[in-house]
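Trainee: please work out how this folds:
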Amino acid sequence: MMRKFIPLVVPLLLAGCVNQDMSDLQEFVEEVKSRPAAGIEPIPEIKQVIGFVYTAKNRRDPFTRQEDDAVATEAVLDNGLRPDPNRRKEELEVYSLDSLRMVGTLEQDEQTWGLLKTSDGTIHRVAPGNYIGLNDGRITRISEEKIELIELVPTGSGFLEKEAAVALGGE
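Mentor: Predicted coordinates for the structure are as follows:
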């Protein structure tokens, strides 16, 4: 029975806690209204810019491509280098060279192996001829200090060979 009266009594108790006197609020509003209005700053003047017309005269026009540059670029791009599309991708070709760390070498039966650690902490054994990295990087040499490789870097319409290395480094 008491539960029925609680919803009726609670609003009455809360209504008794409200202060009906709002004189301090009204005084504040009157004080703010009596302040002098602040002026708005004028918009700054826009200075007129004097235009300049470029005339090349006897100089090279920087906005047109020169034939000599185009021929040199095409000669470099058309060198016949291409990655082998039929070659099966190796496990370390999904990692960028930046995410691989050389952690050491192994020698077994006069064969030197490099030890590479991936970003997920797995250590892989590699030998010359293995491929690593995102740009068809083929390992050419393994020393105690670094693993050297040659990558095929895309240049737009062809590929260039670029030497790269993964150096021995700690965490």
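
Trainee: after the lowest-mean-pLDDT helix or strand in the chain comes which helix or strand?
Mentor: Lowest on mean pLDDT, DSSP states H and E among the helices and strands of the chain sits helix 67-77, with a mean of 54. Per DSSP states H and E, the first helix or strand lying C-terminal to helix 67-77 is strand 101-108.

Trainee: same for that following strand, what does it pack against?
Mentor: Applying 3 or more C-beta pairs under 8 Å, 6 or more residues apart in numbering; DSSP states H and E, we find strand 101-108 packed against strand 111-117, strand 159-167. Any C-beta I mention is one placed from the backbone N, CA and C, and that applies to glycine too.

Trainee: among the ones you listed, which is the most enclosed?
Mentor: With neighbours taken as mean count of other C-beta atoms under 10 Å, these reach their highest mean count in strand 111-117, at a mean of 18.

Trainee: got a list of what Gly133 touches?
Mentor: If you count contacts by C-beta atoms under 8 Å, 6 or more residues apart in numbering, Gly133 has them with 92-93, 95-97, 100, 149, 151, 164.
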